[in-house]
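Asks: need a structure here:
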Amino acid sequence: MTLARAWTISDMNAARGALKIATLAAALFAAPAIAQEDAKTISMFFGDVRVGGNVRLDGNSGDQVLALGGSVNATGVNSDTFGAAGGQVSVSAVHADRFFAAGGTVTLNTITADEVFAAGGNVSATDVTAGDGHFAGGNVVVLGSFSGDLHANGGNVTVGENATVSGDTVAIGGKVTLSGQFNGDVGVKADEARIAGTINGDLSVDARSLVLEPGTTVAGDMILPAGISFTPPVGVNVSGDIRNAGDMDADGVTVRIALDDEDDGVFSFSPFGSGIFMMLISLAAFGALALGVAPQFMAQSAQQLSLRPLPSLAVGLSSLFLAPLAMALAAATVIGIPFALLGAAAYGVAIALGVVTLCLWGGLALRAATKQPGAETRLARLVGWTLMGFVALALIGAVPILGGVVQLLAVMTGAGAVIATAWAARRPAAA
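Replies: Here you go, the predicted model:
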């Protein structure tokens, strides 16, 4: 695998992993709102979901095991897919084919998995044995053995001296410290980079400050940004050439650092840099605004979705085709352009409210499944359960092919419920 290939995450497995890490991050937003709820187990089609303020898993097994709460403590779990999210997440002695964790503080110890995805404010992963590893957070510390590739990015990134990576390694952050053995290519982008250990492939570095520790060995080439010169200090061995981006190699190919432009895709694993993460923030803010300003309208929209899903879907799908057509016809004339713009804005609001309505309905359905008493009226918890509904919606979307179709139909059903509720609200005034 080339370094450029290692820098992208367009392959299906990595994309699904990025999605799941983002959906688990959604639960991190929801955690404070549900931190006082009693822990309950919900059996769903994809496995057991443990939801509550303080969630403990000990020796659980199953195809899919998922824990969401204010704090999550799991040990001895064996499953095909394991996921944990909360304010504080502590996981040890877990074996899974696919492992996902997100939280304010994420502590992993003795994890064995084909793929590991972890994101949070502080992420510490020790004694990890995995194929591919993807880590993101404010502070990231990784110790373990990876037979595939390793991606790590955050404010401070440390890959410890006991780490071994058979594939390619990508590290991006404010301060990056790498040590250990890296058998593939290594790429670093940072304000401050400190590198030690053995690199058996090429080393690409884009950093304002670079330190190569004595004893560092680079078996391949060292590639730096254009115009940057570098002389290895005493005790550092670079067997290949030291080249700059923009130079021509022996085959006439332009040398480049795979951190530039479109290859920054690895940033999608960072909850602080991803579009999905920003969408979660927007959903929380917009949801709080909608539920706070128009609680009755949102309740009526959710009721419309619950009681009349098929008519709501019909309205939503009709709007999906008719609204753009109407706006295009209006924009064909100068006088109609303002109306087209207003229509586009109104339709965008309807879609956004539809997503909030759908996720609110789904979150309250999850709440009902936990048999929580009474109706929920507190705004913070309503927003929390709305985000939990988003988790469920995103997990459905992770199902190949069919999941995306179901997601689209669900969102259009939510939008249709909003449009139908708004239309019903205006009828008395029109009479």
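Asks: what's the longest strand seen in the chain packed up against?
Replies: Scanning the chain for the strand with the most residues, using DSSP state E, yields strand 78-146. Secondary-structure packing of strand 78-146 (3 or more Cβ pairs under 8 Å, 6 or more residues apart in numbering; DSSP states H and E): helix 12-34, strand 47-58, strand 61-75, strand 150-159, strand 164-165. (Glycine included, C-beta is placed from N, CA and C.)
Asks: go again using 6 Å as the cut-off
Replies: helix 12-34, strand 61-75, strand 150-159 (3 or more Cβ pairs under 6 Å, 6 or more residues apart in numbering; DSSP states H and E).
Asks: what is the rounded mean pLDDT of that strand?
Replies: Mean per-residue pLDDT for strand 78-146: 88.
Asks: buried sites along stretch 291-298?
Replies: Of all the residues in stretch 291-298, those buried under the rule 16 or more other Cβ atoms under 10 Å are 291, 297-298.
Asks: got these as a markdown table, with secondary structure and distance to Ile195 columns?
Replies: A markdown table is the format used below for the buried residues of stretch 291-298 (DSSP: H, G, I helix; E, B strand; the rest coil; distance: Cβ to Cβ, whole Å):
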| residue | secondary structure | distance to Ile195 |
| --- | --- | --- |
| Leu291 | helix | 49 |
| Phe297 | helix | 56 |
| Met298 | helix | 52 |
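Asks: sort these by pLDDT and name the bottom one.
Replies: Leu291 (80).
Asks: OK, contacts around it?
Replies: Shown in contact with Leu291 (Cβ atoms under 6 Å, 6 or more residues apart in numbering): 298, 379, 382.
Asks: redo the buried residues of stretch 291-298 as TSV? Include distance to Glu213.
Replies: TSV is the format used below for the buried residues of stretch 291-298 (distance: Cβ to Cβ, whole Å):
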residue	distance to Glu213
Leu291	53
Phe297	61
Met298	57
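Asks: how does the chain divide up, domain by domain?
Replies: Domain assignment for the chain by automatic domain parsing gives 3-266, 274-430.
Asks: returning to that earlier point: weakest of the helices and strands packed on strand 78-146 by average pLDDT?
Replies: Mean pLDDT across the helices and strands packed on strand 78-146 is lowest at helix 12-34; the value there is a mean of 43.
Asks: mind jotting down where the strands sit in the stretch 201-350 of the chain?
Replies: For the stretch 201-350 of the chain, applying DSSP state E, counting those that start in this stretch gives strands covering 203-212, 217-218, 222-224, 237-238, 242-244.
Asks: quick one: contacts for Val128?
Replies: 111, 144.
Asks: sketch out the low-pLDDT regions of the stretch 251-400 of the chain for me.
Replies: For the stretch 251-400 of the chain, the stretches with pLDDT under 70 are 251-285, 370-374, 395, 397-400.
Asks: mind redoing it with 80?
Replies: 251-289, 292, 320-321, 324, 327-328, 330-334, 336, 339-340, 366-385, 387-400 (pLDDT under 80).
Asks: which parts of it are helices?
Replies: 275-293, 295-307, 309-331, 337-369, 379-397 (DSSP state H, counting those that start in this stretch).
Asks: out of those, which is the most enclosed?
Replies: helix 379-397 (a mean of 23; mean count of other Cβ atoms under 10 Å).
Asks: please name the nearest non-neighbouring residue to Glu161.
Replies: For Glu161, ignoring the flanking residues on the chain, the nearest one in space by Cβ to Cβ, 6 or more residues apart in numbering is Ser179 at 4.1 Å.
Asks: so of the domains of the chain, which one's packed in deepest?
Replies: Among these, highest average neighbours (mean count of other Cβ under 10 Å) belong to domain 3-266, with a mean of 20.
Asks: chain center to it, what's the gap?
Replies: Offset of domain 3-266 from its chain centre (Cα atoms, centre = their mean, to the nearest Å): 13 Å.
Asks: pretty sure Asn162 contacts Leu143?
Replies: Yes: at 5.3 Å, Asn162 counts as touching Leu143 under the criterion of Cβ atoms under 6 Å.
Asks: what's the helix or strand for the residue nearest to Phe297 when sequence neighbours are not counted?
Replies: Leaving out its chain neighbours, the residue that sits closest to Phe297 by Cβ to Cβ, 6+ apart is Thr421, at 6.5 Å. Assessed by DSSP states H and E, Thr421 sits inside helix 402-430.
Asks: show me what that helix is packed against.
Replies: If you count contacts as 3+ Cβ pairs under 6 Å, 6+ apart, helix 402-430 packs onto helix 295-307, helix 309-331, helix 337-369, helix 379-397.
Asks: show me the contacts for Val205.
Replies: Going by Cβ under 6 Å, 6+ apart, Val205 touches 188, 193.
Asks: tell me what it is bridged to.
Replies: Beta-bridge partners of Val205, counted by DSSP bridges, are Val188.
Asks: Met298 is in contact with the residue nearest to Phe297, correct?
Replies: No: taking contacts as Cβ under 6 Å, Thr421 lies outside contact range of Met298: 9.0 Å.
Asks: overlap of the contact sets of the two?
Replies: By Cβ under 6 Å, 6+ apart, no residue touches both Thr421 and Met298.
Asks: tell me the angle the longest strand of the chain makes with strand 150-159.
Replies: 60 degrees (axes from the mean of the first three to the mean of the last three Cα atoms, to 10 degrees).
Asks: give me the angle between strand 78-146 and strand 61-75.
Replies: Using the same axes, to 10 degrees: strand 78-146 against strand 61-75 is 60 degrees.
Asks: and the gap between the nearest residue to Phe100 once chain neighbours are set aside and Asp97?
Replies: Nearest non-adjacent residue to Phe100, counting by Cβ to Cβ, 6+ apart: Gly83, 4.2 Å away. In this view, Gly83 and Asp97 are 12 Å apart by Cβ to Cβ, to the nearest Å.
Asks: ok, now Ala425?
Replies: Using Cβ to Cβ, Ala425 is found at 49 Å from Asp97.
Asks: now swap in Thr386 and tell me
Replies: Thr386 is 30 Å from Asp97, where distance means Cβ to Cβ.
Asks: again with Gly197
Replies: 29 Å.
Asks: and if you look at Ile111?
Replies: Taking Cβ to Cβ as the measure, Ile111 and Asp97 are separated by 12 Å.
Asks: likewise Thr421?
Replies: Taking Cβ to Cβ, one finds Thr421 at 43 Å from Asp97.
Asks: residues in contact with Glu115?
Replies: Glu115 is in contact with 98, 131-132, counting by Cβ under 6 Å, 6+ apart.
Asks: just the closest of the residues you listed to Ala365, please.
Replies: Checking the contacts of Glu115 against Ala365 with Cβ to Cβ, the nearest one is Arg98 at 25.5 Å.
Asks: tell me the contacts of that closest one?
Replies: 81, 115.
Asks: go on, Ser301?
Replies: 357, 417-418, 421.
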